[in-house]
Structures are given as structure tokens and as C-alpha cells.
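Engineer: attaching a predicted model along with its sequence, questions to come.
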Amino acid sequence: MAIETDARGAEAGAGGDAAAGVGPGFVLGLFFGEFRGDLVFPYPGPPLAAAPGDFPRRDGAAVGYCRNMGERFAELVKDGPAAAAEGLEAWGCGLVPVGDAASFDHVLRTARLGLLARAQLGGAVARVRGETWLLGSESAAAVLARLAGAAYALEASAFEAAGWLDRGVVDFRTAARASAVDPRVSHIGVETSFLETLCDRVATPAALDALQLHEPFGRAILGRRRVDASPAGWGLAAVGRSLPKSLGGFWSFVGRRLARSAAPPLAPVATPMLRPLGEALCRRTAAFGRAVERAWAAFGGSILARDGLLGHVDGAVVELASSACVLARLDASAASGTAPAEEHAIAELYLRDSGRRFDAALRALARDPDREAVAAGRTLLLKHPRS
């Protein structure tokens, strides 16, 4: 299939039009208990098989780059894992960023890791099939399934974030001016920051597991460049600014809460058999919004200095965002009638595992792990007084 890209994403970023791009994004909306399904559905790719006659498909610039990276990888991988990883890194460095350069870098790095994880999966499957003792191993089968889920989630999240870049990019200055009036206004830096945490939480454990099968792509994944990026601080601060500071603000806040309770978020899933998964995701989103409000009410601005709580908030956001991307990808594939049985199995496994990790993060957020650490630290100080 021929691929054409346009520069809509770059033009949107250059213009900084508040009317076109400023508003509540998907990731920031999660902090308010909102599920912006219109920003995730329909899924932007990868493309389905070419129809007879092979028609050209137009992509936004960022989505087109991700597709072209896949084509590039198919050539590079013939020279081995190290050459593929280094070749993709060098290729990405030579591209003109779409909108915010840091966000574009997040998308490309996640797409790159998704490709490496997929190649790692292929090598691991071949290794298990070639060894009789591995073929009947339950632990090997579980490693393959979770590696497949990691690759699926990384690719789905990279394409969704690329789609956000192409739909309309707002520069940081424009977003800052707008968020001074409305704290629910997001910018693309917040929206793509979850990708870095996702790579740590998904790609790294899968690579370590697959190294047990002597699959060399794991070393390429573990050697990736890490960047400190997190949506937790921005999201919590936005929630804090939105909480009532006057009687009028209080009634406005109560009105928003009642409206949200009367009309819970919905996931626009097209495939009937996947709707229970969408409903569960929306329930978790609403629960997360309530938990964030309670945490801010309990700790105020000091929550931004509590690393333990921030870590659990980050973890919960990543699980919600990546699950939404995976569900959108599976829904698009199922609606087209081309989804193989193994895709359903792998995607649903990821969604169930992600849901359990989210539930654990929410319980930990309610428990306040920092309080336990502070108590233990004070015990040490009392035991070892200053001489």
C-alpha cells in the first residue's frame, strides 16, 4: 500500500490556535474522571490489508512517520537486533518534529520499542517451537503471551499519541495562557508523557522475561535511552486548581460532580462483545477521578512532593491510557472482521492484567505509602539520636 503523509500536524503546531487545539485532552481528562473516547476511537492504525487496486492512504505526519518506521524496520532487522535498534534511533533523529519536539520524540521512541518487542516476540516464538522441552512449558507460554501484550500495547499507544499530534498540537505558551483561566486545558506534552512510564512498566519486564529464552532483542530494549516524563504532577495540580475556593466555586464543583454521576463516561466501542471491557474501563476512570480529588483534599499541594503517591498516580494513569489504546486497536480490528483469535486473546489478557495493576495502584493511593515510610523513618531517628 502506498503511504502519503501530510503536514497537518506540523501546521497545527505552528499556528498554536487556541480555538482549534486548546482543550481537555484524553490523559488530563482522566484526572477529572472523564473518558474522552472521541480522542481514542476510531483507532488510527496500523492500516488494514490493501484492497484490490492498492489505493493510497493519507495519514497525518506523525502517524505516517510511525508507519514508515515499520517499513524501515523490516529492512534493518535483517542485520540483527543491534543494527535495527541503532538504525531506527539514527533515522528518528533526522526527522522534522511534528509540533512539540519532546512529544514527537516520545512517540517515536515508543513506536521503536514496539517494533523491537514484536521482533523479540518472533524470535522467542521460534525458539520455543524449536525446543521440545520449552514447547510444553507453561512458564514459556506465559512469557510469550505477556511479551505479545507488551508489543501490542506499545504499538497501539504510539499510534494513538501520533494521532493526537496530527489532530491538533498546542504549544506550551498557548496552553499555559489558557490553563490560567481553565485548569482543565491540556497540552500535548502532558498527553504524551505517559508513554515513557508505559515503556518502563511494560517493555522492560517483558524484555527481562524474554532474555530467559536467549532472545537478543531484549538487550536492545533494555539499552534504550530513558527520559524523565510524568503526567502525575501536571494532572494533580490541574485538579487542585479546579477545586472550589469560594462559595460560588463550591456550588459549581457540586454541579459538575452531580452531572458526572448522572452521566458516567462511555467508551464508544463498536464491537458488542467488547463493550463490557469498555464499561469496566470507564468505571475505573470515574473511580480514579474520585480518588485524585480525595487525595488532593487530604494533602493539598504537599502531594506534589510525595514521591510514593505520585508513583501510584502515574501507574494508574498509564494503565488507563494504555488500556484505552489497546481497546481501540482491538475494536477497530474486530469491527473490520480481520482480527485473528490470538489478537483477541493477547489484547484481552493485557486489558485484564492492566485492570488488576490499576486496582492495586488505586488501593495503594488510598493507603498513602508515604505515611508508612515517614513513620518508619522517624523510628530510625529516635533509635539513633544525634551525638
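Structural biologist: Nice, thanks for sending it over.
Engineer: helices and strands around the strand or helix carrying residue 152, which ones?
Structural biologist: Using DSSP states H and E, residue 152 sits within helix 138-167. Where contact means 3 or more C-beta pairs under 8 Å, 6 or more residues apart in numbering; DSSP states H and E, helix 138-167 is packed against helix 8-15, helix 61-76, helix 101-130, helix 188-192, helix 194-198, helix 204-211, helix 307-336, helix 341-367. (Each C-beta comes from the backbone N, C-alpha and C, glycine too.)
Engineer: could you say what helices and strands the fifth one packs with?
Structural biologist: Using 3+ C-beta pairs under 8 Å, 6+ apart as the contact criterion, the secondary-structure elements in contact with helix 194-198 are helix 101-130, helix 138-167, helix 307-336.
Engineer: out of the ones you listed, nearest to residue 232?
Structural biologist: Closest to residue 232 of these is helix 307-336 (C-beta to C-beta; 4.2 Å).
Engineer: just say helix, strand or coil for residue 34.
Structural biologist: Look at residue 34: counting by DSSP: H, G, I helix; E, B strand; the rest coil, its state is coil.
Engineer: next, count neighbours for it.
Structural biologist: Neighbour count of residue 34, defined by other C-beta atoms under 10 Å: 18.
Engineer: please apply the same query to residue 299.
Structural biologist: When counting by other C-beta under 10 Å, one arrives at 18 neighbours for residue 299.
Engineer: doesn't it lie inside a helix?
Structural biologist: Yes: under three-state DSSP, residue 299 falls within a helix.
Engineer: what's near enough to touch it?
Structural biologist: If you count contacts by C-beta atoms under 8 Å, 6 or more residues apart in numbering, residue 299 has them with 306, 309.
Engineer: per-residue confidence at it?
Structural biologist: Note on residue 299: pLDDT of 79.
Engineer: what's the answer for residue 349, then?
Structural biologist: In this model, residue 349 carries a pLDDT of 94.
Engineer: was I right about it contacting residue 147?
Structural biologist: No: counting by C-beta atoms under 8 Å, residue 349 sits too far from residue 147 to count as a contact (11.2 Å).
Engineer: the more surrounded of these two?
Structural biologist: residue 147 (28 against 16).
Engineer: distance of that one from residue 350?
Structural biologist: 11 Å (C-beta to C-beta, to the nearest Å).
Engineer: where in the protein is pLDDT low?
Structural biologist: Applying pLDDT under 70 to the chain picks out residues 1-24, 45-59, 168-181, 209-229, 244-265, 368-370, 384-387.
Engineer: quick check, central residue of it?
Structural biologist: For the chain, the residue nearest the mean C-alpha position is residue 322 (4.0 Å; C-alpha atoms, centre = their mean).
Engineer: which residues touch that one?
Structural biologist: Residues in contact with residue 322 (C-beta under 8 Å, 6+ apart) are 153, 156, 157, 194, 198, 202, 354.
Engineer: buried ones in the helix holding residue 152?
Structural biologist: 140, 143-167 (16 or more other C-beta atoms under 10 Å).
Engineer: picking that back up, would you format the helices and strands packed on helix 194-198 as JSON lines with distance to residue 291 included?
Structural biologist: JSON lines is the format used below for the helices and strands packed on helix 194-198 (distance: least, C-beta to C-beta, whole Å):
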{"stretch": "helix 101-130", "distance to residue 291": "26"}
{"stretch": "helix 138-167", "distance to residue 291": "23"}
{"stretch": "helix 307-336", "distance to residue 291": "8"}
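Engineer: tell me how far the residue nearest to the centre of the chain lies from residue 328.
Structural biologist: 11 Å.
Engineer: which neighbours do the two share?
Structural biologist: With C-beta under 8 Å, 6+ apart as the test, residue 322 and residue 328 both reach residue 156.
Engineer: gap between the helix holding residue 152 and the chain center?
Structural biologist: Remark: helix 138-167 is offset 10 Å from the chain centroid, using C-alpha atoms, centre = their mean, to the nearest Å.
Engineer: now the angle between helix 101-130 and that helix, please.
Structural biologist: Angle, helix 138-167 to helix 101-130, by axes from the mean of the first three to the mean of the last three C-alpha atoms, to 10 degrees: 150 degrees.
Engineer: report the angle between helix 138-167 and helix 61-76.
Structural biologist: 140 degrees.
Engineer: got the angle between helix 138-167 and helix 341-367?
Structural biologist: Going by the same axes, to 10 degrees, helix 138-167 makes 80 degrees with helix 341-367.
Engineer: closest to residue 36 out of the contacts of residue 322?
Structural biologist: residue 194 (13.8 Å).
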